[in-house]
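Trainee: just a sequence and a predicted model for now, questions to come.
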Amino acid sequence: MFDNFRYITTNMRNTLLALALLGGSVATQAAEKDSLTIANYFYLEGLRQQEMGNLTAAYDLLRHAHDLNPRSAAVYYQLAGYYVNMKNDALARTYFEKAASLDPENATYQEKLGQLYITQKDYPNAIKAYELLYSSNKTRVDVLQLLLQLYGSQNDYKKMINVLDRIEVLEGSSEQISLSKMQIYEQMGDKKKEYESLKSLVDEHPLELDYRVMFGNWLLQNGKKNDALKEYKSVLKEEPNNALAKLSMLDYYRSIKDQATVDELTNELLQSPKTEKETKMTLLRDIISSDQQANISDSAKVMNLFSLALSTKQEDADLIMMKAAYMAMKNMPKAEINHVYEQAIEVEPDNSRARLALIQNIWATENYDKVIEICRPAIEYNPDEMAFYYFKGMAEFQKHDIDAALETFKKGVGQIKEDSDPEIVSDFYAILGDILHEKGKASEAFAAYDNCLKWKADNYGALNNYAYYLSVANKDLPRAEQMSYKTIKAEPNNATYLDTYAWILFQQQRYEEAKIYIDQVLRNDKDPSGVVLEHVGDIYMKTGDTQKALEYWQKAIEKGNDSKVLKDKLQQKKYIAG
């Protein structure tokens, strides 16, 4: 490419020299023509290099084309794009403006300039650019939509109306245009125009009852209560079960403080099978909210309203779940709330939210058989929901059905994906590690702990158990110490973590250090287990306090530690490795 560039430049010099010998304007015109031809070559070659991805070469070629022909709109436009990428906003703007001014009929240049103005938040200039763009093509509704937003950013309401009028010419009248005009007239405080816009919408669509309800709402909001009531009644005469009109009637009767009629209408709406579920939920939400604001604690009234709303067949469990949430907020008995969750599951068997809430409530009662019973179908309906495997496996573990728990957790691990919740996945592997260790599969357990910590490096329960089991196996003690130290740094008063750390130090024959931490265990745990008491005795024996060691070994036996090695220690009055 660059050899070609030198060849053209030499040719151009020779041509100019020959033309100079001819003299006069002929030479000048010919030179200019030749210069433009060469500039066009550099421009086209720049575009070719650009398409090939050779952006540096393309930029250099375009710059040279600009030097040869500083009035080329196309070159300015292309270079402007490079300045955008270089984050040189000022130069990009200058070049886009130059391209648009040199070729004002080019819609692409005008549109790009308008977009740049918008990104720079220069809305007045953006408006000028888009108005010029529209003037060259008056069929572009997308340009008018942008102008509507731009004039809105300047609070230029009259211009916004003007733009809507132009859209209306292109697309005809529509609900959206009428409503937009209404909102603008409302912002302008022009009640007359606002009324006229809405009235014309109603008149143009006489069969659209929702528009008439909307008109009634406008009348009500503007103090014309009797006229609003007539409009609502007119709608209900044509369609007695029109929920929108009945909701508006509620607002009317609230405005005149007729609570009896408000209650009557509310009951009708909640009980009617023709009232949409969303409408019922909105009604109930408003009632609950207003009761809270008024500090009214009449939950019996609200529960009765829920009964009315649920008296018809339910297509889904949304209303039932709303009832359960209200009951929980009011601290009603969990047994009653659980019954509601069961109703939700009956209507919508794959409702994982209802099942999880029910499981969590039952878990507190330690009814593990019930938890397993709920989880079995839940796994069938929601096989990707890891929480069900977790609760089922934990319930089986609590029942000491280790084999069943292991199978459940293995199935749960099989549901892990890249986007799974790290907290849940980490806990899965941690519990799997605990179960595998209890089954005597130490190497598999350690692999599970490793996976656990990959997903969540600060799972302190897993770090503690992993470290302790390594110390018991007298394996990889430096790593065990590091893991255990993380736990006591995070929770310095946790007796379990302190015991693990003390025992790892003991296994490393760092007895004096171990005693420091085992003493902290005794300070933080007022009822230590038989295993912990045996550890205390072992450490005291190794630090020379035989009497104390024998006392703690005796306490360990009294606490139920029936280890034969422990009994031998006490009998022989010396430490014996287990």
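Mentor: Arrived safely.
Trainee: residue ranges in the stretch 301-450 of the chain under the pLDDT threshold?
Mentor: Nowhere does the stretch 301-450 of the chain drop to pLDDT under 70.
Trainee: starting at the chain centroid, how far to stretch 506-524?
Mentor: The gap between where stretch 506-524 is centred and where its chain is centred comes out at 46 Å by CA atoms, centre = their mean, to the nearest Å.
Trainee: stretch 422-440 now?
Mentor: Chain-centre distance of stretch 422-440: 29 Å, with CA atoms, centre = their mean.
Trainee: name the residues that touch it?
Mentor: 386-387, 389-390, 393-394, 397, 402, 405-406, 409-410, 412-413, 416, 442, 444-446, 448-449, 451-453, 455-456, 459, 461-462, 465-466, 469 (CB atoms under 8 Å, 6 or more residues apart in numbering). Every residue, glycine included, has its C-beta placed from N, CA and C.
Trainee: before we move on, what about stretch 390-409?
Mentor: So stretch 390-409 is contacted by 359, 363, 366, 368-369, 371-372, 375-376, 379, 389, 412, 424, 427-428, 431-432, 435-436, 438-439 (CB under 8 Å, 6+ apart).
Trainee: quick check: buried residues in it?
Mentor: Under the neighbour-count criterion of 16 or more other CB atoms under 10 Å, stretch 390-409 has 390-397, 401, 404-406, 408-409 buried.
Trainee: can you list the buried residues in stretch 101-120?
Mentor: So, applying 16+ other CB under 10 Å, buried residues of stretch 101-120: Leu102, Asp103, Asn106, Tyr109, Gln110, Glu111, Lys112, Leu113, Gly114, Leu116, Tyr117, Ile118.
Trainee: is it true that the third one touches Ala100?
Mentor: Just to be clear, that refers to Asn106. Yes. Counting by CB atoms under 8 Å, Asn106 touches Ala100, with 7.3 Å between them.
Trainee: overlap of the contact sets of those two?
Mentor: In contact with both Asn106 and Ala100: Ala73, using CB under 8 Å, 6+ apart.
Trainee: hang on, Trp363 packs against Lys370?
Mentor: No. Counting by CB under 8 Å, Trp363 stays clear of Lys370, with 9.3 Å between them.
Trainee: just the buried ones from the contacts of stretch 390-409?
Mentor: Neighbour-count burial (16+ other CB under 10 Å) is assigned, among the contacts of stretch 390-409, to 359, 363, 368, 371-372, 375, 379, 389, 412, 424, 427-428, 431-432, 435-436.
Trainee: could you give the separation of stretch 542-549 from the chain centroid?
Mentor: For stretch 542-549, the distance to the chain centre is 58 Å (CA atoms, centre = their mean).
Trainee: per-residue confidence averaged over that stretch?
Mentor: If you average the pLDDT over stretch 542-549, you get 94.
Trainee: check which residues of it are buried.
Mentor: Lys542, Thr543, Ala549.
Trainee: that one spans what distance, first to last residue?
Mentor: One end of stretch 542-549 sits 9 Å from the other (CA to CA, to the nearest Å).
Trainee: residues in contact with that stretch?
Mentor: Under CB under 8 Å, 6+ apart, the answer for stretch 542-549 is Phe506, Tyr511, Glu512, Ala514, Lys515, Gly537, Asp538, Tyr540, Met541, Lys573, Tyr575.
Trainee: in the residues you listed, find the pair that's most separated.
Mentor: Glu512 and Lys573 (21.3 Å; CB to CB).
Trainee: list the buried residues in whichever strand or helix holds Glu481.
Mentor: Taking DSSP states H and E as the definition, Glu481 sits inside helix 477-490. Within helix 477-490, the residues that count as buried by 16+ other CB under 10 Å are Leu477, Ala480, Glu481, Met483, Ser484, Lys486, Thr487, Ile488.
Trainee: help me confirm that the fourth one comes into contact with Leu463.
Mentor: I take that to be Met483. Yes. Proximity of Met483 to Leu463 meets the contact threshold set by CB under 8 Å, at 4.5 Å.
Trainee: joint contacts of those two?
Mentor: Counting by CB under 8 Å, 6+ apart, nothing touches both Met483 and Leu463.
Trainee: sorry, back to before: which among the buried residues of helix 477-490 gets closest to Leu144?
Mentor: For those, the nearest to Leu144 is Lys486 (62.8 Å; CB to CB).
Trainee: pLDDT wise, what is that closest one at?
Mentor: So, for Lys486, pLDDT stands at 97.
Trainee: and it, what does it touch?
Mentor: Here Lys486 is in contact with Asp458, Tyr460, Leu463 (CB under 8 Å, 6+ apart).
Trainee: buried among these? Need that as a selection in ChimeraX.
Mentor: Selection of buried members from the contacts of Lys486 for ChimeraX, criterion 16+ other CB under 10 Å:
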select :460,463
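Trainee: which one of the contacts of Lys486 sits closest to Gln343?
Mentor: Looking across the contacts of Lys486 and measuring by CB to CB, the closest to Gln343 is Tyr460, at 39.6 Å.
Trainee: nearest spatial neighbour of the closest one, skipping sequence neighbours?
Mentor: Using CB to CB, 6 or more residues apart in numbering and skipping residues adjacent in sequence, the residue nearest Tyr460 is Thr487, 4.8 Å away.
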